[in-house]
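Peer 1: Generate coordinates for the sequence data below:
(2 chains)
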Amino acid sequence: MSQLPVLPLLPLLFGAVIAVLAALWRSIAGQITAIVSTALSLIAALVGLVTVVGDGAISYDMGGWPPPVGIEYVLDPLSAFLATIVALIGLLIVIYPVDAAFDLRPARGTPLYPLVLLLLTGLMGVMLSGDLFHLFVFLEIYAISTYGLVSLGGDKGTFAALRYLLLGTVGSGLYLLGVGFLYFATGTLNMVDMAESLPAIADSPTVLGAMALMVTGLGLKMALFPLHVWLPDAHSFSPPGVAALLAAVQVKAGAYALIRILFDVFGPAYTDGGGLPVTTALIYFGLAGIVVGSWLAIRQVDIKRMLAYSTVAQLGYIGLGIGLATPRALIGALLHVLSHALMKSGLFLVAGGIIQRTGIKAIPRFSGLGKVMPWTMGGFAVAALSMVGIPPTAGFFSKFYLVWGAIDVGNWFVAVVVVASSMLTMIYFLRLFERIFVVAPREDAIADASEPSGRVVATVLVLATAILLVGVFNGLLVSQLLDPIATRMLG
Amino acid sequence: MIELFLARYVYLFVLLLLAIGLYGVLAKGDLVKKVIGLTIFSTAIYIFFIEGSLQEGATAPVIDERGSDPALYVDPLPHLLILTAIVVGVGVIGVALSLLVRLYRVHGTLDEAVIADRIAGREDMSQETTPDDGTAPSAGDDPGAAGDDQ
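Peer 2: Predicted coordinates:
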């Protein structure tokens, strides 16, 4: 199965084209195409994951040109792990009912699902590409489809999309400039090839400049504080399904690219003498993001805006895990990529269900929702507890590994801030808990509401179950998958 | 010093263009000027790649009677990369312009501060802004908007 590295990508790409045509016929046909192609992609990603956990990396030469001349697709445990997350979240989002996910009933021919599939194609390409310039092209593919999807959120969404476009394109431009620096310094674009030629020139200003440019560019893409300014608007003004997709997997593509490029491309050049030069900056920007994001989330009234600021804080944890650059902290960061994808998409989908049934977005008006929507709110409770970091949910273990990683390097300040920030997270979710489960229904809109449609409940419950399963079986996940990845990268 | 400048002056222009482009994106209040700044920024990156591929005495990378010595030909790969990047850039600018058209139809202006104020204040004065949008100087005296409506 040497074609495995491209197999998760192809159903999404072809599905996007077929969905355009299918949506011209019936708008439901577009959604069915999307479900089939993401399901195929998930199967391919899962087969890939199982295969590479046993056998190591598989590489595929696009067009039969061997690297470093040709473009290489690489499926190793890290990319298979991320590809599985992308396909899983993508599948749940396209199953989610279209009017709740996009705030609209699409007219015939509206290219809604083609855009979603193109976004997933771009993300999958970022995960699988073994070539720095190819990665840039996929960064732009997913970015362009994101701008289209964010602009579905009406007038505010269009404005947020334009602002995101301006910053996002500057971010990919900086990344491209960094790729240029590296190409002129080494004469190659292939990641493996470049990692071999970088140690000889590790101290040259060209390589250091390239690292600075790429980290800044990818930091903008993953909304690492203080480059997060585009995120709250783009995530809160876009429709719930799009917001779930963006928060769960889209920003993680930037995080993945950062991990891959820092530790696989630059890493070997800086193994001795204090490690990578940018890690300290990542630690403190991550910490600042955690505190500022949580603080702003506490102050929000709109549920989607609160979740968007909380995403800024959670991305801070991932940036922190990358910056600490110890195996345990990297395990924490990767586990947090998974658990944040599950819990944040779950929370956005719950918000979508609430908005679909009651039209209410303001948190103070949520009184009594727990009584009228017990199943949806049960899923919400699991996801929220995981955000706070209550065992045995997934969110506890990712923070646990981050704290452990911080203690490994003796950075007690980081450990204290991470634990204390859980308190901040608790504040803004406790407020919701009280409204939803304790207070009796006050408004007619809520008293008359019922459980959202079956598909909303099903997707939310799947995510809640996944959060619990990842929490309970995290030992297996870490020892089989994440520990080998982290040991290989930072061992 | 002057030799270094003569050998490297294109990079100074690239830096200048990058700075102008970033200034346009970050500091200009008009959304069209921001998009123009973005175009300047990307163009600077294209020039950087093309300049990096050049070498003295080299010609177009088509093997002719002078043989296959790589020093005789410029590096074709950056040209290829930049062709791709230009195509990607055209796509991004196209999306940006279509978003601008949508914003202009609703608000009748492309001033970022004005639109941001309206969007932020929408909760309490949405009724007041709606008639404003209809009478905005969009359809009549703007050839671009009039062309879109046809």
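Peer 1: what does chain A put close to chain B?
Peer 2: A:133, A:136-137, A:140, A:143-144, A:147-148, A:151, A:155-156, A:158-159, A:161-162, A:165-167, A:169-170, A:173, A:176-177, A:180, A:183-184, A:189 (C-beta under 8 Å from any C-beta of the partner chain). From N, CA and C alone the C-beta is placed, and that goes for glycine too.
Peer 1: Just the buried subset of the residues you listed, written out for PyMOL, thanks.
Peer 2: Here is the PyMOL selection string for the buried members of the residues of chain A next to chain B, based on 16 or more other C-beta atoms under 10 Å in any protein chain shown:
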select buried, chain A and resi 133+136+137+140+143+144+147+148+151+155+156+158+159+161+162+165+166+167+169+170+173+176+177+180+183+184+189
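Peer 1: so what's the most centrally placed residue in chain B closest to, chain neighbours aside?
Peer 2: The residue lying closest to the centre of chain B (C-alpha atoms, centre = their mean) is residue B:39, at 1.3 Å. Closest residue in space to residue B:39, ignoring its immediate chain neighbours: residue B:93 at 6.3 Å, by C-beta to C-beta, 6 or more residues apart in numbering or on different chains.
Peer 1: now residue A:182
Peer 2: Using C-beta to C-beta, 6+ apart, the closest residue to residue A:182 is residue A:210 (4.7 Å).
Peer 1: who touches the one you found in this structure?
Peer 2: A:178, A:179, A:181, A:182, A:185 (C-beta atoms under 8 Å, 6 or more residues apart in numbering or on different chains).
Peer 1: let's go with 6 Å and repeat that
Peer 2: Residues in contact with residue A:210 (C-beta atoms under 6 Å, 6 or more residues apart in numbering or on different chains) are A:178, A:181, A:182.
Peer 1: quick one: which of those residues is nearest residue B:49?
Peer 2: Lowest distance from residue B:49 to those (C-beta to C-beta) belongs to residue A:181, with 10.4 Å.
Peer 1: Please identify which helix or strand holds that closest one.
Peer 2: For residue A:181, the element it lies in under DSSP states H and E is helix A:154-186.
Peer 1: What is that helix packed up against?
Peer 2: helix A:132-150, helix A:205-221, helix A:231-237, helix B:31-53, helix B:76-107, helix B:112-120 (3 or more C-beta pairs under 6 Å, 6 or more residues apart in numbering or on different chains; DSSP states H and E).
Peer 1: Give me the average confidence score over that helix.
Peer 2: In this model, helix A:154-186 has an average pLDDT of 92.
Peer 1: Next secondary structure element downstream of it?
Peer 2: Under the assignment DSSP H and E, the closest C-terminal helix or strand after helix A:154-186 is helix A:191-197.
Peer 1: Would you mark the buried spots in that following helix?
Peer 2: A:191, A:192, A:193, A:194, A:195.
Peer 1: next one: stretch B:60-79 to chain centre, how far?
Peer 2: On the basis of C-alpha atoms, centre = their mean, to the nearest Å, stretch B:60-79 sits 31 Å off its chain's mean C-alpha point.
Peer 1: ugh, wrong one, stretch A:354-368
Peer 2: 26 Å.
Peer 1: Tell me the span between the first and last residue of that stretch.
Peer 2: With C-alpha to C-alpha, to the nearest Å applied, stretch A:354-368 spans 12 Å between its terminal residues.
Peer 1: So what touches it?
Peer 2: With C-beta under 6 Å, 6+ apart, stretch A:354-368 has contacts from A:100, A:301-303, A:435-436, A:439-442, A:445-446, A:449, A:452.
Peer 1: Give the buried subset of those residues as a ChimeraX selection command.
Peer 2: To isolate the buried ones among these in ChimeraX, judged by 16+ other C-beta under 10 Å, type:
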select /A:100,303,435,436,441,446,449,452
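Peer 1: Among the contacts of stretch A:354-368, which pair sits farthest apart?
Peer 2: A:100 and A:440 (25.8 Å).
Peer 1: Near residue A:468, how many other residues are there?
Peer 2: Under the neighbour criterion other C-beta atoms under 10 Å in any protein chain shown, residue A:468 is assigned a count of 16.
Peer 1: What separation do you get for it and residue B:114?
Peer 2: As for residue A:468, its distance to residue B:114 is 48 Å (criterion: C-beta to C-beta, to the nearest Å).
Peer 1: and if you look at residue B:47?
Peer 2: Using C-beta to C-beta, residue B:47 is found at 34 Å from residue B:114.
Peer 1: Tell me which of these two has more neighbours.
Peer 2: residue B:47 (17 against 13).
Peer 1: for chain B, which spans come out with low pLDDT?
Peer 2: Scanning chain B for pLDDT under 70 picks out B:1, B:122-150.
Peer 1: so the residue of it most remote from its centre, which of the three states?
Peer 2: Relative to the centre of chain B, the most outlying C-alpha is that of residue B:65, 40.5 Å out, by C-alpha atoms, centre = their mean. Using DSSP: H, G, I helix; E, B strand; the rest coil, the structure places residue B:65 in coil.
Peer 1: Quick check, pLDDT for the closest residue to residue A:400 other than its chain neighbours.
Peer 2: Of all residues not flanking residue A:400 in the chain, residue A:332 sits nearest, at 7.4 Å (C-beta to C-beta, 6+ apart). Residue A:332 is assigned 92 on the pLDDT scale.
Peer 1: Next up, the contacts around residue A:95.
Peer 2: Residue A:95 makes contacts with A:35, A:459, as judged by C-beta under 6 Å, 6+ apart.
Peer 1: and it, how far is that from residue A:83?
Peer 2: Distance, residue A:95 to residue A:83, by C-beta to C-beta: 19 Å.
Peer 1: ok but residue A:60 is inside a strand, no?
Peer 2: Yes. Assessed with three-state DSSP, residue A:60 lies in a strand.
Peer 1: quick one: the helices in the stretch 351-491 of chain A?
Peer 2: Under the criterion DSSP state H, counting those that start in this stretch, the stretch 351-491 of chain A contains helices at A:369-372, A:374-388, A:394-408, A:412-433, A:444-447, A:454-472, A:474-477, A:483-490.
Peer 1: Name the residues of chain B found near chain A, please.
Peer 2: B:25, B:34, B:38, B:41-42, B:45, B:48-49, B:52, B:81, B:88, B:91-92, B:95-96, B:99, B:102-103, B:106, B:115, B:119 (C-beta under 6 Å from any C-beta of the partner chain).
Peer 1: List buried members of those by neighbour count.
Peer 2: Neighbour-count burial (16+ other C-beta under 10 Å) applied to the residues of chain B next to chain A gives B:25, B:34, B:38, B:41-42, B:45, B:48-49, B:52, B:81, B:88, B:92, B:95-96, B:99, B:102-103, B:106, B:115, B:119.
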